[in-house]
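# kindly generate the corresponding structure for this input.
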Amino acid sequence: MAGTHRYPHVFRPLQVGATRLQNRVFVPAHTTNFGADNRPTDRHLAYHRERAQGGAGLIIFEGVRVHPSSLGRGPAVNGYERAALPMFKALADTVHAEGVPLFGQILHTGRHTDGNYSRMAAWAPSPIPWSATAPPPHPMTEAEIEAVIVAHVEVALNLLEAGFDGIELQLAHGHLLQQFLSPLSNVRDDAYGGSFENRLRFAADTLARVRGAIGDGVTLGIRVSGDEFAPGGLTIDDMALVVVALAERTRIDFVNVSHSAYLGAYSISTQMADMAFDPELFRPLPRRIASALAVLPKPPVVMAVCRFASIGEAEAELALGQVDMVGMSRGHMAEAALTRHAAEGREDESRPCIACNQGCAGFSALNLGITCLTNPRTGRERQWPLPAPLPAAERRRVLVVGGGPGGMEAAATAAAFGHEVTLMEQSDRLGGMLRWTPKLRGREAFGRLLDYQTRALERHGVDVRLASRADASAVMAADAAVVIVATGAMPRATRFVEGEGLTLQAALTLGDALGQRVVVQDTLGTGAVIGVVEHLRALGHDVHLVAPTGTPAWTVSLYSSFALFKRLRDAGIRLHRFARIEAWDGRTVTLVCTDTGVRSEITAVDAVIAPDHALPDDALARALAASGSNARIMAIGDAQAARTALEAIFEGHGAARDVAPATARAFPEMLDHSSPPPDHPRVYDTMGGRAGVRDGPCAT
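The predicted structure is shown next:
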């Protein structure tokens with residue numbers, strides 16, 4: 001294949017212990033929240049089947065809990081119940097059918113287990129909470145340590161019985177075994193605390209017992225955090241000593257190097273580092289571990305999972321000759337066929353991971369099944385199969401009005417099914433409200449999404465008409481069977497007792513005319529507001545951030561927010577908590593405390609940016625509903641309610657599937673009843689002039 005010559009290091013086979021891999025890109029273990037009653041589901045099978053079909057060299061299934069004290073939530077998967085084994089076997093058979101090996105990660109989450117779910121105290125080395133708002137965990141007894149070691153062994157054997165090819169022991173991300181390693185969480189004074197040797201004991205004993213139980217003929221490895229990124233925590237030098245000590249005592253076939261600890265601090269934001277992070281911060285970690293292990297007679301394979309997003313990035317890292325494999329969790333969430341596309345020279349067809357953390361980390365933090373902003377099919381592979389051309393009788397003429405991310409997704413998806421699609425956009429460029437986002441420092445990755453969507457329109461033959469305003473008469477003249485209204489929303493700014501602020505878009509168009517001192521009020525809580533704040537500060541503006549709720553960007557998940565707040569502090573942005581702007585006279589901003597009513601002033605202000613919730617631009621949808629048109633009308637995204645690109649793209653994709661064909665819709669027998677039904681778009685629909693709200697394509 002053409003791509004194998006471009007990426008010779010990626011497409012070189014590799015032996016990992018007893019397992020032969022066809023290439024060096026793998027899907028690391030990552031939380032999906034697809035479980036039900038703490039067992040795997042058909043949703044897992046469909047998700048991993050598609051990644052196996054997509055060409056990954058190896059899949060490592062998400063962390064399998066080894067003990068009841070580690071469950072934490074219903075979607076988490078346990079491996080100690082024998083009743084779970086049939087689904088684990090089905091998963092192994094599914095992945096193996098595509099010619100891909102499957103490993104299982106086994107873990108105990110320790111002190112950050114949700115005790116409300118398990119109705120028992122979280123277990124940990126010491127009574128130190130993982131965050132300021134968490135209860136203190138139960139310090140484990142030696143008998144409990146022994147019970148957890150036995151539990152690791154039993155779960156490893158269960159997974160192997162189910163057909164898994166190897167085991168990964170989780171020593172990373174601040175889970176229980178790392179908690180014993182780290183001086184931040186382990187202040188014991190017994191045989192499991194204090195000295196390096198004592199803190200290593202639990203992990204070393206667990207690893208040795210698992211190896212002894214499964215034998216040398218089964219692949220066994222560990223996942224470690226190369227750095228906790230926390231003051232007083234484990235550093236890369238510490239972890240190099242840990243890994244070498246473990247490898248000298250017990251045969252390890254691979255070391256999977258990640259980073260971070262599950263702490264209510266900056267560290268957790270490095271775990272799934274978002275687009276604001278420079279990937280080079282993490283690249284040295286697996287290289288350092290590889291260098292430390294190189295002194296051993298037979299060093300383990302070293303895997304790197306440090307914010308790689310493309311096969312090209314994997315090739316560049318492998319070409320250095322220090323690490324042996326590269327893993328991409330979010331890259332495979334965004335594009336299941338990432339590796340296959342590269343092998344076939346079709347990289348342009350891959351949906352990009354932009355590290356926005358909205359559908360993956362954001363949904364995970366809410367205990368919801370993960371999804372992806374750029375790929376709305378993620379987690380819905382059974383309900384939404386890949387588009388395939390429809391029979392001629394089921395094809396329709398489709399008109400999409402609005403060329404933002406939702407409209408572009410709707411148009412490309414409908415065309416992929418074979419419909420005749422026209423996209424009308426009133427401006428001279430595609431992208432809608434997202435057009436200005438890639439211009440912001442630290443948000444440039446959104447440009448990759450728009451580039452992908454533009455290519456998809458071209459690839460599927462959508463008739464794109466720019467600078468074309470579509471009123472009701474123009475839409476009716478188009479004689480489309482289906483009209484998808486993606487007209488977005490109208491930006492608004494907050495009006496004060498005196499004065500009015502600027503919208504984000506208006507502020508960005510002013511450029512240097514904005515002035516030096518800028519006050520930004522965040523009543524939206526979104527990453528977009530903070531993106532503008534950081535961008536203006538990077539340009540040299542003196543920025544004051546007003547947070548009426550007390551916390552800016554409250555919709556951003558904890559996996560990004562701690563790093564976000566650190567950046568605000570480091571940049572010297574002045575934060576005014578529990579205050580709102582009361583007045584703005586052109587030079588002075590008057591703030592009022594939301595708690596006490598006390599007023600204060602910010603003087604010498606040049607501009608005030610105060611976005612309010614935008615209003616749906618639904619005039620066209622309403623006009624068409626009242627017109628008596630026989631066309632089916634569906635409104636999506638911000639044309640229903642102003643939200644984010646995550647919802648717009650999801651609803652655009654769902655509306656395109658709901659155009660007509662039964663083969664593209666979800667039927668009850670296709671749904672996974674072993675887990676809660678996935679959420680689905682609700683579209684404003686009118687048939688023959690009768691307007692109403694109906695469920696989208698996943699309705700049962």
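# restrict the helix or strand where Arg223 lies to CA atoms and write it as CSV.
When secondary structure is defined by DSSP states H and E, Arg223 falls within strand 219-225. Listed in CSV are the C-alpha atoms of strand 219-225, where the atom choice follows Å, rounded to 0.1, in the frame of the first residue of the first chain:
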residue,chain,number,x,y,z
THR,A,219,2.4,-11.1,27.4
LEU,A,220,2.5,-8.9,30.5
GLY,A,221,3.3,-5.3,30.7
ILE,A,222,2.8,-2.2,32.9
ARG,A,223,1.5,1.3,32.3
VAL,A,224,3.3,4.0,34.2
SER,A,225,3.1,7.8,34.6
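# for it, packing partners?
Counting contacts by 3 or more Cβ pairs under 8 Å, 6 or more residues apart in numbering; DSSP states H and E, strand 219-225 is packed against strand 102-107, strand 166-171, helix 196-214, helix 236-249, strand 254-258. In short, each C-beta sits where N, CA and C put it, glycine included.
# identify each buried residue in the fourth one, please.
For helix 236-249, burial by neighbour count (16 or more other Cβ atoms under 10 Å) applies to Ile236, Asp238, Met239, Ala240, Val242, Val243, Val244, Leu246, Ala247.
# now flag whichever of these is closest to Ile581.
Using Cβ to Cβ, Ile236 is the member of these that lies nearest Ile581, at 45.2 Å.
# residue contacts, that closest one?
For Ile236, the contacting residues are Gly226, Asp227, Pro284, Leu285, Arg288, Ile289, taking Cβ atoms under 8 Å, 6 or more residues apart in numbering as the criterion.
# low-confidence ranges in the protein?
In the predicted model, the chain carries pLDDT under 70 at residues 1-2, 660-700.
# domains of it?
In the assignment given by automatic domain parsing, the structural domains of the chain cover 2-350, 392-488+617-695, 491-614.
# could I get the ones you listed as CSV with distance to Thr378?
Converted to CSV, those look like this (distance: least, Cβ to Cβ, whole Å):
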stretch, distance to Thr378
domain 2-350, 5
domain 392-488+617-695, 10
domain 491-614, 16
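# quick one: which of those domains is nearest Ala365?
Closest approach to Ala365 among the domains of the chain is made by domain 491-614 (4.1 Å; Cβ to Cβ).
# return the distance of that closest one from the chain's centre.
The chain centroid and the centroid of domain 491-614 are separated by 27 Å under Cα atoms, centre = their mean, to the nearest Å.
# ok, stretch 47-54 next?
Distance, centroid of stretch 47-54 to centroid of chain: 17 Å (Cα atoms, centre = their mean).
# ok, now stretch 45-60?
Distance of stretch 45-60 from the chain centroid (Cα atoms, centre = their mean) equals 17 Å.
# C-alpha coordinates for it, PDB please?
Only the C-alpha atoms of stretch 45-60 are listed here, as PDB (Å, rounded to 0.1, in the frame of the first residue of the first chain):
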ATOM      1  CA  LEU A  45     -18.000  -4.700  20.900                       C
ATOM      2  CA  ALA A  46     -19.100  -2.300  18.200                       C
ATOM      3  CA  TYR A  47     -16.700   0.400  19.200                       C
ATOM      4  CA  HIS A  48     -13.600  -1.900  19.300                       C
ATOM      5  CA  ARG A  49     -14.600  -3.800  16.200                       C
ATOM      6  CA  GLU A  50     -14.400  -0.700  14.200                       C
ATOM      7  CA  ARG A  51     -11.000   0.300  15.600                       C
ATOM      8  CA  ALA A  52      -9.800  -3.200  14.800                       C
ATOM      9  CA  GLN A  53     -11.100  -2.900  11.300                       C
ATOM     10  CA  GLY A  54      -9.400   0.400  11.100                       C
ATOM     11  CA  GLY A  55      -6.000  -1.100  11.200                       C
ATOM     12  CA  ALA A  56      -4.700  -0.700  14.800                       C
ATOM     13  CA  GLY A  57      -1.900  -3.000  15.500                       C
ATOM     14  CA  LEU A  58      -3.100  -3.700  19.100                       C
ATOM     15  CA  ILE A  59      -6.100  -2.800  21.300                       C
ATOM     16  CA  ILE A  60      -5.800  -2.500  25.000                       C
END
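# of all the residues in it, which ones are buried?
For stretch 45-60, the buried set under the neighbour-count rule, 16+ other Cβ under 10 Å, comprises 45-60.
# which one of the residues you listed sits closest to Thr594?
Using Cβ to Cβ, Tyr47 is the member of these that sits closest to Thr594, with 43.7 Å.
# A helix includes the closest one, no?
Yes. When classified by DSSP: H, G, I helix; E, B strand; the rest coil, Tyr47 is found to be part of a helix.
# pretty sure it contacts Thr32?
Yes. Checked against Cβ atoms under 8 Å, the pair Tyr47 and Thr32 is within contact range at 6.5 Å.
# can you check which residues contact both of the two?
Taking Cβ under 8 Å, 6+ apart as the criterion, Tyr47 and Thr32 both touch Gly379.
# who touches the residue positioned nearest the centre of the chain in this structure?
For the chain, the residue lying nearest the average C-alpha position, counting by Cα atoms, centre = their mean, turns out to be Cys360 (2.3 Å). Residues in contact with Cys360, defined by Cβ under 8 Å, 6+ apart, are Met272, Ser329, Arg330, Met333, Ile370, Thr371, Cys372.
# need the three-state assignment for Arg20.
Taking three-state DSSP as the rule, one finds Arg20 in the strand state.
# kindly provide the distance from it to Glu444.
39 Å (Cβ to Cβ, to the nearest Å).
# mind putting the contacts of Ile236 in a markdown table, secondary structure, distance to Ala342 and neighbour count included?
As requested, the contacts of Ile236 are exported to a markdown table (DSSP: H, G, I helix; E, B strand; the rest coil; distance: Cβ to Cβ, whole Å; neighbours: other Cβ atoms under 10 Å):
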| residue | secondary structure | distance to Ala342 | neighbour count |
| --- | --- | --- | --- |
| Gly226 | coil | 26 | 28 |
| Asp227 | coil | 29 | 25 |
| Pro284 | helix | 25 | 15 |
| Leu285 | helix | 24 | 23 |
| Arg288 | helix | 27 | 20 |
| Ile289 | helix | 26 | 28 |
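# okay, and the beta partners of the closest residue to Leu514 other than its chain neighbours?
Residue nearest to Leu514 in three dimensions, not counting chain neighbours: Ala607, with 4.8 Å by Cβ to Cβ, 6 or more residues apart in numbering. Per DSSP bridges, residues listed as beta-bridge partners of Ala607: Val518.
# Ala607 touches Leu502, doesn't it?
Yes. Checked against Cβ under 8 Å, the pair Ala607 and Leu502 is within contact range at 6.4 Å.
# show residues contacting stretch 450-461.
Taking Cβ under 8 Å, 6+ apart as the rule, stretch 450-461 contacts 348-352, 374, 405, 408-409, 411-412, 415-416, 421, 423, 430-431, 434-435, 438, 464.
# quick check, Phe26 in a helix?
No. In this structure, Phe26 is strand, not part of a helix, as judged by three-state DSSP.
# and it, how far from Ile311?
The value you get for Phe26 to Ile311, if Cβ to Cβ is used, is 12 Å.
# out of these two, which sits in the more crowded spot?
Taking Phe26 and Ile311 together and counting by other Cβ atoms under 10 Å, Phe26 has the greater number of neighbours (30 against 27).
# residues touching the residue nearest to Leu514, list them.
Residues near Ala607 by Cβ under 8 Å, 6+ apart: Leu502, Ala507, Leu510, Leu514, Gly515, Arg517, Val518, Val519.
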